[in-house]
Each structure stands twice: as C-alpha cells, then as structure tokens.
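**Q** Here is the input, now give the coordinates:
(one chain, ligands or ions: 1)
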Amino acid sequence: MLSKTIASGDWKGEKHVPVIEYKKDGDLLEIEVSVGKEIPHPNTPEHHIAWIELYFHPEGEKFPVMVGRVAFTNHGDPLTEPKAKFYIRTSKKGKLYALSYCNIHGLWENSVDVE
Ligand SMILES: [Fe+2]
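**A** The predicted model follows:
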C-alpha cells in the first residue's frame, strides 16, 4: 500500500516532516505549512520539495477534505522556500494533515488537532 511508504517523525530532527501552524480568527483558519523549519531542506534541481498538500478531517466525519495543493516549480535562482499558506472557514473541530513530497526521499506527513 502506498500509505505504508509515507514517513513521519519529529520535524525538529527530521528536515522532511511538514510543519503545520495555524491561527484562528473567528471561523477563519490561517494555516501555514512549511518543510525544513528547523533544519533547511535542499532546494536544487537535483534534490527539492516538489509539493505540499493540506487536508482537513472534521471530527466525527468519515472522509478528509482536501484543502489545497502547492507545487514548487523553481529550484534554482531565485530560491523558492517550501512554505505555503492556506485559509479555510469552519467552526468544526478536527485534524489538519499535511503531506509533502521530496523528489529523492518520498512522501512525508504530519498532523495537528484543530480545537
Ligand atoms: Fe530530501
């Protein structure tokens, strides 16, 4: 199964793990997802983060919702940081999931609870 190939870990020690941070303003969630927050990931044509996807799984619901996908298409000069912001409006609690892809080291995930 593809899901068995998805790696995770502590983002403070593993540069591939996407970091999810959010701010809440009423029902508006501002979500920032970045890769390499503590230990920068290379960004070259040979080795780079190609994309990040964000999902929201509302508490008690069966399926997650795909919030969006950002593809990073430049890996030379100027350097593109593998970091993106997403905005959703919801009053639901649930879980945010981020998935990122390194062209050499594959798929990486992380999640945070939304209170
Ligand atoms: Fe990598």
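
**Q** Spell out for me which residue occupies the centre of the protein.
**A** Note on the chain: the residue nearest the mean C-alpha position is residue 98, at 3.4 Å, using Cα atoms, centre = their mean.

**Q** A strand includes that one, no?
**A** Yes. Going by DSSP: H, G, I helix; E, B strand; the rest coil, the assignment for residue 98 places it inside a strand.

**Q** Spatially nearest residue to it (excluding sequence neighbours)?
**A** Excluding the flanking residues, the one nearest residue 98 by Cβ to Cβ, 6 or more residues apart in numbering is residue 18, at 3.9 Å. C-beta coordinates here come from the backbone N, C-alpha and C atoms, glycine included.

**Q** The residue nearest to the centre of the chain contacts residue 57, doesn't it?
**A** No. Residue 98 is not in contact with residue 57 according to Cβ atoms under 8 Å; the separation is 12.0 Å.

**Q** What is the burial count for residue 60?
**A** 8 (other Cβ atoms under 10 Å).

**Q** err, residue 11, not the other one
**A** There are 20 residues near residue 11, going by other Cβ under 10 Å.

**Q** who in the protein is up against the ion?
**A** Residues of the chain lying close to the ion by Cβ under 5 Å from the ion are 102, 104, 105.

**Q** Can you tell me which of the residues you listed end up in strands?
**A** Mapping the residues of the chain next to the ion onto strands (DSSP state E) picks out residue 102.

**Q** I'd like the residues of the chain next to the ion as CSV, with neighbour count and pLDDT appended.
**A** Formatted as CSV, the residues of the chain next to the ion follow (neighbours: other Cβ atoms under 10 Å; pLDDT from 0 to 100):
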residue, neighbour count, pLDDT
102, 20, 97
104, 9, 97
105, 15, 97
